[in-house]
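**Q** Got a predicted model here, sequence first, then my questions.
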Amino acid sequence: MSTDTSRPLPLLALGAGTDLRTERGVECPGDLPPASDPALVARARAAKERLGDKVFVLGHHYQRDEVIEFADVTGDSFKLAKEAAARPDSPWIVFCGVHFMAESADILTSDAQTVILPDLAAGCSMADMAAIAQVEDCWEQLEEAGIAADTIPVTYMNSSAAIKAFTGRHGGTICTSSNAKTALSWAFSQAGDGQVEGGTGKVLFLPDQHLGRNTWARDLGGSLEDCVVWDPHRPMGGLTLEQLREARMILWRGHCSVHGRFTVEAVEQARREIPGVKVIVHPECRHEVVELADEVGSTEKIIKTIAAAPAGTRWVVGTELNLVQRLGEQFPDQQIAFLEKNVCYCSTMNRIDLPHLVWALESLDSGRVVNPIVVDEQVAHYARVALDQMLALPGETHRD
Ligand code: SF4
């Protein structure tokens with residue numbers, strides 16, 4: 001292995017391989033202002049003002065307050081990518097979110113726009129759990145077993161562009177946490193039987209096993225017995241041919257390292273300690289947690305549900321902490337608590353901080369584009385096929 005560190009390392013596309021020499025993007029190739037600089041807010045404001053309409057800043061709901069303050073629009077990943085595409089006059093899109101989101105924005109925006117991720121180390125552990133080589137390998141095994149022909153891939157937005165492209169190449173669709181039910185129903189209608197109950201059609205759901213399982217069992221009324229989990233680290237996913245033949249949902253063994261940590265005990269404790277509490281969680285949570293919740297939904301649904309609730313409503317919320325804290329500030333007439341004391345911020349979302357944002361904006365202001373995210377053309381083409389399929393789902397325009 002080479003130890004030459006003089007040359008900058010290229011950013012590896014998510015899931016495309018292993019960076020043996022260093023953690024991806026930990027080094028910032030520039031003059032990052034110190035976090036202690038008291039002028040950071042003023043510097044960000046000034047740089048943004050000087051850049052004017054040339055820059056459009058997107059802020060995911062899970063970003064820190066100090067970053068959200070500078071976002072021109074906030075939302076979930078798909079909403080943000082569409083917002084960027086709807087502003088072709090802004091050549092620079094600064095995406096305050098994680099890598100797969102910036103990839104999706106690059107895919108959906110025009111060639112004249114450049115998407116910038118202020119810190120390349122802002123990845124997503126869930127997206128990283130499905131590497132393209134593993135997914136191709138899985139598909140090959142399903143083909144050899146005579147199962148792939150009856151199987152449609154459905155891939156969550158939280159995935160690398162390469163996995164989205166795989167989905168497009170194999171006639172599948174992307175889904176969000178808002179439209180996963182519609183996406184699954186469509187996929188089953190394509191998978192051989194047109195029925196949710198009975199038949200042989202299958203879905204390979206990538207990469208979040210929890211969203212797949214929750215949507216199947218909770219929204220479509222499917223049986224948990226029809227779900228199997230494909231472990232990419234074991235031959236045949238650790239499954240027998242019989243298990244695969246009988247399954248309806250082949251769930252990739254991936255999960256969100258934040259939402260996967262909420263527990264049944266935390267829900268029970270909240271119900272014991274807060275009279276009349278309502279529990280609202282994201283569908284990336286484990287099935288047993290989702291089963292106990294009063295409400296389940298995407299970040300946008302969580303925000304809208306709380307916004308619409310009467311004053312005095314008591315909530316515990318199972319989603320990323322930055323968002324929950326902000327909800328507490330925005331709706332002071334409601335009592336809003338975080339579901340789990342042992343869960344912390346999404347560490348990769350939190351990589352985007354004010355120093356990185358200032359660095360990205362000031363670099364643009366001096367004519368230097370830093371950390372551009374550029375998806376390979378072939379990959380982008382097939383990823384767009386899968387994203388377009390999502391937009392073409394029956395009765396579906398993207399709902400937040
Ligand atoms: S919250 Fe979970 S799914 Fe979202 S970026 Fe963090 S690890 Fe990925």
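**A** Yes, it's here.
**Q** Single out the residue in the stretch 151-300 of the chain that lies closest to the ligand.
**A** Cys256 (3.3 Å; Cβ to the nearest ligand atom). For the C-beta atoms, the positions are set from N, CA and C on the backbone; glycine is no exception.
**Q** State whether that residue is indeed within a helix.
**A** No: counting by DSSP: H, G, I helix; E, B strand; the rest coil, Cys256 is not part of a helix but coil.
**Q** how about it, what does it touch?
**A** With contact set as Cβ atoms under 8 Å, 6 or more residues apart in numbering, Cys256 has these partners: Ser125, Met126, Asn158, Asp208, His210, Glu284.
**Q** what's the first one in contact with, if anything?
**A** By that I understand Ser125. Contact analysis of Ser125 by Cβ under 8 Å, 6+ apart lists Cys256, Ser257, Thr348.
**Q** Look up how far the ligand lies from the last one.
**A** In this structure, Thr348 and the ligand are separated by 6 Å, where distance is defined by Cβ to the nearest ligand atom, to the nearest Å.
**Q** can you count the residues close to that residue?
**A** 22 (other Cβ atoms under 10 Å).
**Q** how close does it sit to Gln113?
**A** 24 Å (Cβ to Cβ, to the nearest Å).
**Q** again, but for the second one
**A** When distances are taken as Cβ to Cβ, Ser257 and Gln113 turn out to be 31 Å apart.
**Q** And for the closest residue to the ligand within the stretch 301-400 of the chain, the neighbour number?
**A** Residue nearest to the ligand within the stretch 301-400 of the chain: Cys346 (3.4 Å; Cβ to the nearest ligand atom). Residues near Cys346, counting by other Cβ under 10 Å, number 25.
**Q** Show the residue spans covered by the strands in the stretch 301-400 of the chain.
**A** Assigned by DSSP state E, counting those that start in this stretch, the strands in the stretch 301-400 of the chain fall at 314-318, 335-338.
**Q** Any chance of the ones you listed in JSON lines with mean pLDDT as columns?
**A** What follows is those, written out as JSON lines (pLDDT from 0 to 100):
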{"stretch": "strand 314-318", "mean pLDDT": "97"}
{"stretch": "strand 335-338", "mean pLDDT": "96"}
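**Q** Dump these into JSON lines; add mean neighbour count and distance to Trp230 as well.
**A** Compiled in JSON lines, the strands of the stretch 301-400 of the chain are given as follows (neighbours: other Cβ atoms under 10 Å; distance: least, Cβ to Cβ, whole Å):
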{"stretch": "strand 314-318", "mean neighbour count": "25", "distance to Trp230": "26"}
{"stretch": "strand 335-338", "mean neighbour count": "18", "distance to Trp230": "32"}
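**Q** would you list those in TSV and tack on distance to Met249?
**A** Shown next, in TSV, are these (distance: least, Cβ to Cβ, whole Å):
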stretch	distance to Met249
strand 314-318	23
strand 335-338	30
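**Q** Rebuild those strands as TSV, extending it with distance to the ligand.
**A** Below are the strands of the stretch 301-400 of the chain laid out as TSV (distance: least, Cβ to the nearest ligand atom, whole Å):
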stretch	distance to the ligand
strand 314-318	12
strand 335-338	14
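**Q** Can you say which of those is nearest to Ala39?
**A** Set against Ala39 and scored by Cβ to Cβ, the strands of the stretch 301-400 of the chain come closest in strand 335-338, at 32.0 Å.
**Q** Ser257 and Gln113: who's more crowded?
**A** Remark: of Ser257 and Gln113, Gln113 carries more neighbours, 19 against 15, as counted by other Cβ under 10 Å.
**Q** how close does that one get to Ala44?
**A** From Gln113 to Ala44 the distance is 21 Å (Cβ to Cβ).
**Q** Could you find the closest non-adjacent residue to Ala270?
**A** The spatially closest residue to Ala270, leaving aside those adjacent along the chain, is Val316, at 4.3 Å (Cβ to Cβ, 6 or more residues apart in numbering).
**Q** isn't the one you found right next to Ile274, touching?
**A** Yes: the pair Val316 and Ile274 qualifies as a contact (Cβ atoms under 8 Å) at a distance of 6.9 Å.
**Q** returning to that earlier point: show me the residues around the residue of the stretch 301-400 of the chain closest to the ligand that make contact.
**A** By Cβ under 8 Å, 6+ apart, the contact list for Cys346 reads Tyr62, Ser257, Val258, Glu320, Asn322.
**Q** Please apply the same query to Ala266.
**A** Val289, Val316, Gly318, Leu339, Glu340, Lys341.
**Q** How many residues are close by whatever residue of the stretch 101-250 of the chain ends up closest to the ligand?
**A** When distances are taken as Cβ to the nearest ligand atom, the stretch 101-250 of the chain reaches nearest to the ligand at Cys124, 3.3 Å away. A total of 23 residues lie near Cys124 under the criterion other Cβ under 10 Å.
**Q** show me the contacts for it.
**A** Going by Cβ under 8 Å, 6+ apart, Cys124 touches Leu14, Val98, His99, Phe100, Asn158, Thr348.
**Q** now with 7 Å?
**A** By Cβ atoms under 7 Å, 6 or more residues apart in numbering, Cys124 lies in contact with Val98, His99, Phe100, Asn158, Thr348.
**Q** so how far is His61 from it?
**A** Cys124 is 14 Å from His61, where distance means Cβ to Cβ.
**Q** ok, now Val358?
**A** To His61, Val358 is 22 Å away according to Cβ to Cβ.
**Q** In this protein, which residue is most central in space?
**A** In the chain, the residue lying closest to the centroid (Cα atoms, centre = their mean) is Asn158, at 3.0 Å.
**Q** Pretty sure it sits in a strand.
**A** No: applying three-state DSSP, one finds Asn158 to be coil, outside a strand.
**Q** what sits against it?
**A** Neighbour list for Asn158: Phe100, Cys124, Met126, Ala127, Asp208 [criterion: Cβ under 7 Å, 6+ apart].
**Q** follow-up on the earlier one: pLDDT added to the contacts of Cys124, as a markdown table?
**A** Output for the contacts of Cys124, formatted as a markdown table (pLDDT from 0 to 100):
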| residue | pLDDT |
| --- | --- |
| Val98 | 96 |
| His99 | 95 |
| Phe100 | 95 |
| Asn158 | 96 |
| Thr348 | 93 |
